[in-house]
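Engineer: One predicted model, sequence on top.
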Amino acid sequence: MKTLFRPPCHVGVVGRWMLRRAYNAGNDAKAQRLAMKLIDKGHDALFAQDVLIRSLWRTSAYDKVLEFTKCWPEADFYGLGTQAAERLQGHRPIPRIRHGKTPPRPLQTVEFSATDMVTNWHQIESDLWFQHPDGWVHWTMPDGWELGTCHPSLLELSADVLLRPWVTSVRSPLTPGRVPGTELALSWSAGTDSTAAMQLLPTNTILGYHRRTVEGLLDHRNADRTIAAVQNGGYRVVTVPSDHEIIRTHHGKSIGFSTDYASGVHLILLADFLNLGGIAFGVPSDNTWLWKGRKFRDFPSTHHWKTWSARFLEAGLHLVLPINHISEAGAMRIVSNGPWANVVNSCMRGNGKMGCERCWKCFLKNGPLGRPFDEKSREIKTFLRSRPLRTAQHALWAIQSMNVEHLVPDLAHLLEEDLSWWEEAYAPGLELIPSKWREGVEERTREYSLQILDEDSPLSRVDIKFETDSGLSHPPEASKTAALEG
Ligand SMILES: [Zn+2]
């Protein structure tokens, strides 16, 4: 009878099945536990070792990946040991280069000009094509837009925001003479920061939505729902699809905006069509008055502000930062107190109704609003462990406001003081807003019950230091750009 009962094999098959199921379901804690069990018992050791290594890699536990691949080199089928060693030394993977659509035949023989940016733009029907040194990108422009009626300074400024880090000639003086229009447009992503900006600006502000057409993790359903809601509320929304975020993949970066203001390039291109005198961006104080979200700086005297505000003016456009005096937390409060509270969701991986609950945005922007998030998700855990903590001032406020200090025991000393001032506004920021719109912004800031703190605000003393740099690389974030809509 004993020979018929073969527990080792049975345990092996069931164990293997359970392990595969846990791994495929993304339950890494369980997968790692089951794998260790199989390895200890000597069942399916190679299979279990392989899954364990891949699961540890997936949870960014690079030190353990390195340790185990040294023990079991034969189970390291994907060379993860070497990659883990590189990650531990701070190396980041090189993103894949993306090539845009090939332009229609007449354009295929045209060469890029580094000296005359205007000649790099071409219109074929409703498609606007731009040649950069490594290829082509394009926009689908609204009906009636004509390249020929665009002032050259707008095409030059557009080339500047798209290529400044890599092509120095785009910094040349712009063709003078564009007369500023009378309208204001906002580069609007349908997320919290830019919706707060929208709420502080006049209701006739035109909302320009850039629709990324490159494949990726972004899900437009949350944005689509918000777009429909604000359109029903009477706002004019102009959506411009484009793949221009691939330009920087030719320079070792992931898909995203070439510069902070590339997020509004569609509005620069539309400036004559829409008769614009200003373009607004929803950049909160995290990225203006704070350096990297953790150290106070006098924003008006920064090279960044001086350069870009003057550059936009060269093209007859005011650069308007209507929430530069407000933090991400303040922006969240404005949206919560406004008519769009239930439709705005900053998560870019959501399903149109809810956030994904697993990304850093869900933690920072949905958590404090009482929306669910999973503190065990890989992305949230990795961001919480990384030092310096990304967008530190806001993250500390979020941690304190949700009472989840236990997630960052080493940062207890930074959480002793009450951080609720972070939700209020900072008076000096109002001065940066052109006089035409300043009063309205100030009035509405108060209407949404934000206090306007003077220059002595605790903001002016922010200087968050981290004792150690964990060396952990940040996982890819759902954000389009870390700097603008962080
Ligand atoms: Zn999310």
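Structural biologist: Looks like it arrived, so ask away.
Engineer: is it true that I279 lies in a helix?
Structural biologist: No. Using DSSP: H, G, I helix; E, B strand; the rest coil, the assignment for I279 is strand, not a helix.
Engineer: Identify the bridge partners of it.
Structural biologist: With DSSP bridges as the criterion, I279 is bridged to A185, L319.
Engineer: Quick check: it touching V320?
Structural biologist: Yes. I279 is within contact range of V320, at 6.7 Å (criterion: C-beta atoms under 8 Å). Any C-beta I mention is one placed from the backbone N, CA and C, and that applies to glycine too.
Engineer: which residues do these two both contact?
Structural biologist: L184 (C-beta atoms under 8 Å, 6 or more residues apart in numbering).
Engineer: What segments of the stretch 351-486 of the chain are strands?
Structural biologist: Assigned by DSSP state E, counting those that start in this stretch, the stretch 351-486 of the chain shows strands spanning 425-426, 452-453.
Engineer: which of those sits most buried?
Structural biologist: Greatest average neighbour count among those goes to strand 425-426 (a mean of 26), per mean count of other C-beta atoms under 10 Å.
Engineer: pretty sure V240 is in a strand, no?
Structural biologist: Yes. Under three-state DSSP, V240 sits within a strand.
Engineer: Spatially, what comes nearest to it if we skip its sequence neighbours?
Structural biologist: H266 (3.9 Å; C-beta to C-beta, 6 or more residues apart in numbering).
Engineer: swap in Q451?
Structural biologist: Per C-beta to C-beta, 6+ apart, closest to Q451 is E424, 4.4 Å.
Engineer: Distance check, that neighbour against E74.
Structural biologist: For E424, the distance to E74 (C-beta to C-beta, to the nearest Å) stands at 59 Å.
Engineer: Neighbour count: the two, which is higher?
Structural biologist: E424 (21 against 10; other C-beta atoms under 10 Å).
Engineer: Quick check: closest non-adjacent residue to G440.
Structural biologist: P202 (6.0 Å).
Engineer: of all the residues in this structure, which ones are close to the ion?
Structural biologist: Contacts of the chain with the ion, taken as C-beta under 5 Å from the ion, map to 347, 349, 355-356, 359, 362.
Engineer: Mind doing that once more with 6 Å?
Structural biologist: Taking C-beta under 6 Å from the ion as the measure of proximity, the chain contacts the ion at 347, 349, 355-356, 358-359, 361-362.
Engineer: Could you pull up the residues touching whichever residue of the stretch 51-200 of the chain sits closest to the ion?
Structural biologist: When scored by C-beta to the ion, the stretch 51-200 of the chain has G191 as its residue closest to the ion, at 11.3 Å. Counting by C-beta under 8 Å, 6+ apart, G191 touches 223, 282, 344, 346, 348, 365, 485.
Engineer: ok, back up a step: how close does the residue nearest to G440 sit to the ion?
Structural biologist: For P202, the distance to the ion (C-beta to the ion, to the nearest Å) stands at 31 Å.
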